[in-house]
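Q: Below are the sequence and a predicted model for it; my questions follow.
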Amino acid sequence: MDDDRAQCSTCSSFLRYQERFDAVYCPACDEWQETKCGDPRCRFCSERPRRPSLADEMIVRERAERRESLQRTREVNDRCTTTLGELLRAARSDAKR
């Protein structure tokens, strides 16, 4: 079976695609195969780390930060829901008097 995947011109390892940074890299050489576009507003290139091996660490950190943020949001929502429920119960109690 022929493998038609792209290979690194330096070491002949198969190249991989990093979706988060929309770029191809060589895992063996730990180098991006494409230069950054230079647009400081580009959501891919502007945040792309110097080496692909650092991308995984960055992605793991971003996911952990999102989970923590989501957890904080849930906690705030739970407190707001509890407070709202208490207010509604108090209002009903006052209305019965």
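A: Structure's in. What do you need?
Q: What about residue 25, how many residues nearby?
A: 22 (other Cβ atoms under 10 Å). Yep, even glycine has a C-beta here, placed from its N, CA and C like the rest.
Q: same question but for residue 6, I mixed them up
A: Neighbour tally, residue 6, other Cβ under 10 Å: 12.
Q: From residue 34, how far off is the closest residue in space to it that isn't next to it in sequence?
A: Using Cβ to Cβ, 6 or more residues apart in numbering and skipping the chain neighbours, the partner closest in space to residue 6 is residue 15 (4.6 Å). Remark: distance between residue 15 and residue 34 (Cβ to Cβ, to the nearest Å) = 10 Å.
Q: Which neighbours do the two have in common?
A: residue 24 (Cβ atoms under 8 Å, 6 or more residues apart in numbering).
Q: Which of the two has more residues huddled nearby?
A: A side-by-side neighbour count of residue 15 and residue 34, using other Cβ under 10 Å, places residue 15 first with 16 against 12.
Q: my read: the more buried one touches residue 28, true?
A: No. Residue 15 lies out of contact with residue 28 (Cβ atoms under 8 Å); the separation is 9.7 Å.
Q: overlap in contacts of these two?
A: residue 8.
Q: what helix or strand does residue 11 sit in?
A: Of the helices and strands defined by DSSP states H and E, none includes residue 11.
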